[in-house]
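Q: Provided below are the primary sequence and the corresponding predicted coordinates.
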Amino acid sequence: MSADRSLAPLPSTREFCSNTPPTVNNNVAIRRHFVYQRQMPKTPSVGVRLDPEVKAALEKAAAADARKLSSLIAKIASEWVRRNGWLKREGKGKR
């Protein structure tokens, strides 16, 4: 009779990180990391230099809108290119 595969132990953390001993908490963290990667596709990033006053104002605006700074900057840039005719279609996705 074969062993029930559903009761097999979880993969060891050593398979993912050789410096960390296997523990239940590390396995949970690794699973969450991989689930997060599957849910959030990578988008291109852009580095921008801002005056300190502008950055402070953007941080206040982002906090007031319950957003991260990068999310607010992305929203501002998206609205600007649409308003000025550089991006025609509404919605998300590749253009």
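A: Alright, I've got the coordinates. Computed from a predicted structure; not experimentally measured.

Q: count of neighbours near Lys68?
A: By the criterion of other C-beta atoms under 10 Å, Lys68 has 12 neighbours. Any C-beta I mention is one placed from the backbone N, CA and C, and that applies to glycine too.

Q: then Thr43?
A: By other C-beta under 10 Å, 6 other residues sit near Thr43.

Q: how far away is it from Ala74?
A: Noted for Thr43: a distance of 9 Å to Ala74, by C-beta to C-beta, to the nearest Å.

Q: equivalent analysis for Ala62, please.
A: Noted for Ala62: a distance of 11 Å to Ala74, by C-beta to C-beta.

Q: can you get me a residue count around Lys75?
A: Lys75 has 13 neighbouring residues, counting by other C-beta under 10 Å.

Q: equivalent analysis for Ile76, please.
A: Around Ile76 there are 11 residues (other C-beta under 10 Å).

Q: element containing it, please.
A: Here Ile76 is covered by helix 69-83, with elements defined by DSSP states H and E.

Q: and that helix, which residues are buried?
A: 72-73 (16 or more other C-beta atoms under 10 Å).

Q: can we start the residue count at 257 from this point?
A: All set: I'll call the first residue 257, so the last point we hit is now helix 325-339.

Q: what comes into contact with that helix?
A: Contacts to helix 325-339, defined as C-beta atoms under 8 Å, 6 or more residues apart in numbering, come from residues 304, 311, 314-315, 317-318, 321, 323, 343-344, 346.

Q: which of the residues in stretch 308-319 are buried?
A: Neighbour counts over stretch 308-319 (16+ other C-beta under 10 Å) mark 314, 318 as buried.

Q: alpha carbons of it, as PDB, please.
A: The C-alpha coordinates for stretch 308-319 follow below in PDB (Å, rounded to 0.1, in the frame of the first residue of the first chain):
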ATOM      1  CA  PRO A 308      13.000  68.700  -1.400                       C
ATOM      2  CA  GLU A 309      10.000  71.100  -1.200                       C
ATOM      3  CA  VAL A 310       8.300  69.300  -4.100                       C
ATOM      4  CA  LYS A 311       8.900  65.900  -2.600                       C
ATOM      5  CA  ALA A 312       7.600  67.100   0.800                       C
ATOM      6  CA  ALA A 313       4.400  68.400  -0.800                       C
ATOM      7  CA  LEU A 314       3.900  65.200  -2.800                       C
ATOM      8  CA  GLU A 315       4.400  63.100   0.400                       C
ATOM      9  CA  LYS A 316       1.700  65.200   2.200                       C
ATOM     10  CA  ALA A 317      -0.600  64.800  -0.800                       C
ATOM     11  CA  ALA A 318       0.000  61.100  -0.900                       C
ATOM     12  CA  ALA A 319      -0.800  60.700   2.800                       C
END
